[in-house]
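Asks: below are the sequence and a predicted model for it; my questions follow.
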Amino acid sequence: MGEHLPYADLVFDIPVAQVFTYLKDDEGTAVPGKRVMAPFGSRDMTGYVIGERDTLPPFLDARKLKKIRRVIDREPVYGKDEIELSRWVSAYYLCGQGEALAAMIPSGRKITAGELPDDGEEFRDTSPELSPEQKTALDAILEPQAQGTPAHFYLYGITGSGKTEVFLKAAEAVLGQGKSVIYLVPEISLTHQTALSIERRFGAVSSTLHSGMSPSARLAEWTRIRRGEARIVVGPRSAVFAPAFNLGLIIIDEEHDSSYKSGNTPRYHARQVAMRRAAVSGAKLVMGSATPSVEAWKLMEDGAIKKLSLTRRLSGGSLPEIIPVSLERNPGCLTPLLKEEIYKTARMGRQTILFLNRRGFAYFYHCPACGYELSCRQCSVSLTYYKGRNRAVCHYCGYSTAPPESCPQCGSVEAGFSGFGTEMIEEEVRNTFPDLRILRADGDTSGRGKTLKDILEKFKNREIDILLGTQMVAKGLNFPGVRLVGVVQADTGLHLPDFRAAERTFALLVQVAGRAGRYFPDGKVIVQTLRPKDPTITRACAMDVEGFFSEEIRQREALGFPPHSRLIRVTFRSKDQAKTEREAEKMAALLRQLVPKDGDILGPAECPIGVIAGNHRRHIIIRGKTMGPLHGAVRTAAERFEAERDSRVYMELDVDPVNLL
């Protein structure tokens, strides 16, 4: 019936909250759920069909209507639920509906033969017995919910306490009811590990979705999920949009991780989208972490999320001994205690992880004679020195230069790089332990033919004695051979001008400490720091999660930051500093008229990183107790501003920002 309707409503991947009506193709196959090529302005663009109609709105003239050029998809790739979800994402995150759909749907053009596996194998139970704590948690999750009660649960447990097994048992039960499951993990590197265990457990009903796959492979998996052939979907944040048939459960593993928040438009948070999908579909939402986000902790305190606790390590391990050590006046990167423990661990035939959340060799060029500092010429950040390449590189825009042999300002030969990154640690570790097998895993090494998967596989097979890396070695990894974890410098992120700096540092330390002693009771963690008395460091070393959260929430309340308020951030950038400032002021003036009296407007001010890739950056932060009134004010202000915006100044809207840099 729908094919006889002559007109189609389209949205495009553009920052415009508008629906465009077109004449259908000659065959009339441009039905909702398909992608099409259509003329837009002076070019052809991919459009998403979200509706069809037999009459035109009164303001449109049929003679001026453009016609769809061709239809991309043979069958619809998205349905009513996805269209409705894109409408919600567009409204909540203040972006175009087409931008929301473009973020949701893989961009593959066709599904090639052989990409759709047969659905021949049903899942099978290969799981271990649950502990009494795990069983109590599972029973709570599976218990039927009273009508209208949000079924949100939080599996809060120390690292190694068996959260994954509870997730998998819950998934098994939901699959047994004929429903589907979405299982989110923070990053692609963890997707592989989780996907393997799910594939072993559930066979061909499992599917993986992530941006590392080719677009056509992702589209093939998307189609399997949409047909109901794959009923458990694993992936990072974008998998929250999977078109799961009869959705019964969403799992968010390592919920605290900031990679669940998108850094590009639409700037959605997978947790918020998951809550929305659970509410609409009646599915249960189960989150888990040893270090919940402050927002989730507050929701647990308030009873909006049911807290389920796991307190014991299950594989014969116990929580490691954590020893803070001062780096002050230490000549190199490794303190005597850390060196001694590395030797001891190697003699026992066990493994060490060394963690530092900073790439490169050194990161700060300073002249003691005149005070000169070497910064990127296009960004307001220091350059990082890479000894292997003999280049000073900017991590924001990619600019690089040869490191100066003397101070460019006064000629002093005393000037040079200080501070240490993973490359310098690797050099010192190789010099100190020439007989041990060492591998580095960071953003620089995993791109050079050695994938992170290969590196982790070698470590798991005990082909490496010391694994050294950035935060990719801190997350969710489970290696029986690890006795020792060394945090080379614990306070690298503490000085950042962002209200979440302490929360991030605390979570990272507790998570990386959790890699030690998971199977044996002799795990050890050495935390090297320049701030041994800092409460964030001392509480992380004491594994005092409750103490950290109660103090952090108290401080946030005093400062008026989330979870005691809601934020929307508006950022402006352009090559012209004066224009950027002028446009930011213009938007601020509009907001002052529209934001309700119980709301705050902070700024406009220079962003903490004031210039990136030659673009000057200013931001305004709008703050209030509840999101509704802020939303309305910012949407109205943005619409009015857009009508007279200088086209050379870009404006970005970020609802619930997790990063204020």
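Replies: Arrived safely.
Asks: quick one: low-confidence ranges for the stretch 451-600 of the chain?
Replies: For the stretch 451-600 of the chain, the stretches with pLDDT under 70 are 472-477, 517-519.
Asks: one more: the stretch 51-200 of the chain?
Replies: Along the stretch 51-200 of the chain, the model assigns pLDDT under 70 to residues 109-127, 147-150, 189.
Asks: report the backbone C-alpha coordinates of stretch 501-516 in PDB.
Replies: Output in PDB follows, covering the C-alpha atoms of stretch 501-516 (Å, rounded to 0.1, in the frame of the first residue of the first chain):
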ATOM      1  CA  ALA A 501      40.100  15.100  36.800                       C
ATOM      2  CA  ALA A 502      40.000  13.400  40.200                       C
ATOM      3  CA  GLU A 503      37.300  11.000  39.200                       C
ATOM      4  CA  ARG A 504      39.200   9.900  36.100                       C
ATOM      5  CA  THR A 505      42.500   9.500  38.000                       C
ATOM      6  CA  PHE A 506      40.900   7.500  40.800                       C
ATOM      7  CA  ALA A 507      39.000   5.100  38.300                       C
ATOM      8  CA  LEU A 508      42.200   4.600  36.300                       C
ATOM      9  CA  LEU A 509      44.300   3.700  39.300                       C
ATOM     10  CA  VAL A 510      41.700   1.300  40.800                       C
ATOM     11  CA  GLN A 511      41.200  -0.300  37.400                       C
ATOM     12  CA  VAL A 512      44.900  -0.800  36.600                       C
ATOM     13  CA  ALA A 513      45.600  -2.100  40.100                       C
ATOM     14  CA  GLY A 514      42.900  -4.600  39.400                       C
ATOM     15  CA  ARG A 515      45.000  -6.300  36.800                       C
ATOM     16  CA  ALA A 516      47.300  -7.700  39.500                       C
END
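Asks: what's the helix or strand containing Ala589 in contact with?
Replies: Assessed by DSSP states H and E, Ala589 sits inside helix 577-594. Applying C-beta atoms under 8 Å, 6 or more residues apart in numbering, the external contacts of helix 577-594 come out as 570, 572-574, 601, 603-604, 615-620, 622, 632-634, 636-638, 640-641, 644-646, 648-649, 651. Placement of C-beta: from N, CA and C, glycine included.
Asks: I figured Leu23 hits Lys66, correct?
Replies: Yes: contact criterion C-beta atoms under 8 Å: Leu23 and Lys66 qualify, at 7.0 Å.
Asks: of those two, which one has the most company?
Replies: Higher neighbour count among Leu23 and Lys66: Leu23, with 16 against 13, using other C-beta atoms under 10 Å.
Asks: max-length strand in this protein?
Replies: strand 600-612 (DSSP state E).
Asks: in its sheet, what does that one sit against?
Replies: strand 615-624 (antiparallel) (DSSP bridges).
Asks: by contact count, what packs against the next helix-or-strand element following the strand it pairs with?
Replies: Later in the chain than strand 615-624, the nearest helix or strand by DSSP H and E is helix 627-644. Under the contact criterion of 3 or more C-beta pairs under 8 Å, 6 or more residues apart in numbering; DSSP states H and E, helix 627-644 touches strand 566-574, helix 577-594, strand 615-624, strand 650-655.
Asks: in the stretch 201-350 of the chain, which ranges drop under the pLDDT threshold?
Replies: In the stretch 201-350 of the chain, residues with pLDDT under 70: 315-318.
Asks: still on that earlier bit, could the helices and strands packed on helix 627-644 go into a markdown table alongside mean neighbour count and distance to Asp454?
Replies: Output for those, formatted as a markdown table (neighbours: other C-beta atoms under 10 Å; distance: least, C-beta to C-beta, whole Å):
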| stretch | mean neighbour count | distance to Asp454 |
| --- | --- | --- |
| strand 566-574 | 23 | 38 |
| helix 577-594 | 18 | 44 |
| strand 615-624 | 22 | 37 |
| strand 650-655 | 20 | 36 |
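Asks: what sits closest to the residue nearest in space to the middle of the chain if chain neighbours are left out?
Replies: Central residue of the chain (C-alpha atoms, centre = their mean): Ser259, 1.0 Å from the mean position. Leaving aside its chain neighbours, Ser259 sits nearest to Pro186 (4.8 Å; criterion: C-beta to C-beta, 6 or more residues apart in numbering).
Asks: name the SS class of the one you found, please.
Replies: Under DSSP: H, G, I helix; E, B strand; the rest coil, the three-state class of Pro186 is coil.
Asks: surely it meets Pro236?
Replies: Yes: contact criterion C-beta under 8 Å: Pro186 and Pro236 qualify, at 6.5 Å.
Asks: okay, and the common contacts of these two?
Replies: Residues touching both Pro186 and Pro236 by C-beta under 8 Å, 6+ apart: Ser259.
Asks: do I have it right that Ser107 meets Ala217?
Replies: No: Ser107 is beyond contact range of Ala217, at 11.7 Å (criterion: C-beta under 8 Å).
Asks: show me which of those two is the more surrounded one.
Replies: For Ser107 and Ala217, the more surrounded residue by other C-beta under 10 Å is Ala217, and the numbers stand at 17 against 12.
Asks: just checking, next helix/strand downstream of the host helix or strand of the more buried one?
Replies: In the assignment (DSSP H and E), Ala217 maps to helix 215-226. Sequence order places strand 232-235 as the next helix or strand after helix 215-226, per DSSP H and E.
Asks: tell me the strands beside the next helix-or-strand element following that following strand, with direction?
Replies: Remark: after strand 232-235, the chain's next helix or strand is strand 247-253, criterion DSSP H and E. When pairing is defined by DSSP bridges, strand 247-253 lines up against strand 180-184 (parallel), strand 284-289 (parallel).
Asks: got JSON lines for those strands, with mean neighbour count and distance to Thr265 too?
Replies: Shown next, in JSON lines, are the strands paired with strand 247-253 (neighbours: other C-beta under 10 Å; distance: least, C-beta to C-beta, whole Å):
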{"stretch": "strand 180-184", "mean neighbour count": "28", "distance to Thr265": "20"}
{"stretch": "strand 284-289", "mean neighbour count": "26", "distance to Thr265": "25"}
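Asks: could you confirm Arg539 falls within a helix?
Replies: Yes: under three-state DSSP, Arg539 falls within a helix.
Asks: tell me how many other residues surround it.
Replies: Arg539: 21 surrounding residues under other C-beta under 10 Å.
Asks: I figured it hits Gly547, correct?
Replies: Yes: the pair Arg539 / Gly547 is scored as a contact, 5.4 Å apart, by C-beta under 8 Å.
Asks: need the strands for the stretch 301-450 of the chain, in chain order.
Replies: 306-310, 321-326, 351-355, 364-366, 384-386, 391-393, 400-401, 416-418, 438-441 (DSSP state E, counting those that start in this stretch).
Asks: now the helix holding Ala217: buried residues?
Replies: Judged by neighbour count (16 or more other C-beta atoms under 10 Å), helix 215-226 contains these buried residues: 216-226.
Asks: which strands or helices does that helix pack on?
Replies: In terms of contacts (3+ C-beta pairs under 8 Å, 6+ apart), helix 215-226 is packed against strand 206-208.
Asks: help me confirm that Pro563 is found in a strand?
Replies: No: checked against three-state DSSP, Pro563 lies outside a strand; its state is coil.
Asks: give me the element the residue lying closest to it once chain neighbours are set aside is part of.
Replies: Leaving out its chain neighbours, the residue that sits closest to Pro563 by C-beta to C-beta, 6+ apart is Lys298, at 4.0 Å. In this assignment (DSSP H and E), Lys298 forms part of helix 294-302.
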